[in-house]
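Undergrad: predicted model follows, preceded by the sequence.
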Amino acid sequence: MKKTLWFVVGLCTVLTFNAQNFALYYSFASVTPSSGVVDPTPTPTAVGVSAGSFSAIGLSANPTTTNVFAFTGWGTGATNNDNTNFTGSIDLNKKFEVSLTPQSGYGISIDSIHFYMNRSATGPRMWSLRSSVSGYSVNLPAQSISSHTNIQILPGNVFFWANDSYTNATWFNKCVSKTFSLTAHQLILNTVFYSFHAWNAEGTGGSFRIDSVVFNGKATFGAGLKNYTHNLKSHFYLIPNPSSKYSQVNIKSSIPYNKIEIISIDGKLIQTLENDESVLYLNTEGIYFVKIHTNQGVLTDKLIVN
C-alpha cells in the first residue's frame, strides 16, 4: 500500500510540473491547384506531440486555389437563394482530416480548435468537426466568433452558413470548436484524428475551404502511466527497483520484446536496448520511465535511481 500511494503522489508531481502548452498552426502556405489531396506544407512542431498533415478524403483530386485547403465534391442538398430548405446530411466519407500523436512518454489534451472557413457561391451550407475519440459519432462544440452574422450554430453543434447571398470569396469567417470539457479529449495517449465535414452544397462543383487552423492544448509528460501499473507486473519487472547509480538493473519480461527505451523525467530519450539486451546502467540519480515494445503493445514502468 505504501508503494502504491507513493507512486500516485509521484505521478501527480510529474503531471503538474511537466505540462507544455502548444498551439499547432496550419497555414497551408504550400498548397497549390496541383498539390494533391495532402497538404505539402511542413507540419507544425511542439514538445510532446507530433502533428500530421491535413488530407482531403472523398473529394476532388486537387485544391481549387492556392494557400488554403479548398476542395469540391461535397454532398449536395441546398438550392440557390433558399435559406430554409435542405435535403442533405453529413457524409463521414467526405472530410478534411488530420492526426495528432503523443510523443513517447506524453499525453496530450486538446482545448480548442480555431479556424477560418469560407465557401464558394455553390459550396456547402453546413459543416461540423468530429473526432476519432468518439468514433466520429458526435459533433464537437461549435462557436462562431466572426463579427458578421453569416454563420449561425444549429442544434447539435452544426455550423450553418445562414446568408446564401453573401458570396465574398476573399473574406473568411473565424470559427472555433472550443474547449473540450469532455474527459475523452484530456490526456490522450494514442493517435487521435480530427475531421472537418461539410454538406448541403448547392452543386458538386462548390468548394469548402479552411485556413489558419490552430490546435490549442498541452502535452503532459508521464501522463497515463497509472494505466499500465496493475497489468504490468505480471509481464515486466525491473530488478532492483529502486536502484542506485552505476548499479546493474535487470529487465525481466514474460513476453517477447523488440526494443526498450529509457526516458528521463523531462522527456529525453536516454538510451535504447534491442531485443537481445536485458541489462541497463544509469549513472545519474532521478526518476526514469522504461518502455518495453512488444507485439502486444507498449508497457511502461517507472525506475527510481537513488
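TA: Received the coordinates, thanks.
Undergrad: quick one: average pLDDT of the helix or strand hosting residue 263?
TA: Per DSSP states H and E, residue 263 falls inside strand 257-264. Taken as a whole, strand 257-264 carries a mean pLDDT of 84.
Undergrad: note down every partner strand of that strand and its orientation.
TA: strand 269-274 (antiparallel), strand 286-294 (antiparallel) (DSSP bridges).
Undergrad: which residues touch it?
TA: 104-105, 251, 269-275, 277, 280, 282, 286, 288-295, 303 (CB atoms under 8 Å, 6 or more residues apart in numbering). In short, each C-beta sits where N, CA and C put it, glycine included.
Undergrad: now, of the residues you listed, which are buried?
TA: For the contacts of strand 257-264, a burial check counting by 16 or more other CB atoms under 10 Å picks out 104-105, 251, 273, 280, 282, 288-292, 294, 303.
Undergrad: tell me the least confident of the residues you listed?
TA: For these, the pLDDT minimum is residue 105, 73.
Undergrad: return the closest of the buried ones among the contacts of strand 257-264 with respect to residue 72.
TA: Of all the buried ones among the contacts of strand 257-264, the one with the least separation from residue 72 (CB to CB) is residue 104, at 39.6 Å.
Undergrad: list the contacts for residue 87?
TA: Per CB under 8 Å, 6+ apart, neighbours of residue 87: 77, 200.
Undergrad: quick one: it and residue 202, what's the gap?
TA: Going from residue 87 to residue 202 by CB to CB, to the nearest Å gives 11 Å.
Undergrad: and stretch 188-196, what's buried?
TA: 188, 192-196.
Undergrad: what do you get for stretch 251-263?
TA: Neighbour-count burial for stretch 251-263 [16+ other CB under 10 Å]: 251, 257, 260-263.
Undergrad: of these, which is the nearest to residue 51?
TA: Among the buried residues of stretch 251-263, and counting by CB to CB, the member closest to residue 51 is residue 263, at 20.6 Å.
Undergrad: contact partners for residue 95?
TA: Residue 95 neighbours (CB under 8 Å, 6+ apart): 56-58, 195-197.
Undergrad: grab the nearest non-local neighbour of residue 295.
TA: Spatially, and ignoring its direct neighbours in sequence, residue 295 is nearest to residue 256 (6.7 Å; CB to CB, 6 or more residues apart in numbering).
Undergrad: that neighbour contacts residue 296, correct?
TA: No. Applying CB atoms under 8 Å, one finds residue 256 not in contact with residue 296, separated by 9.2 Å.
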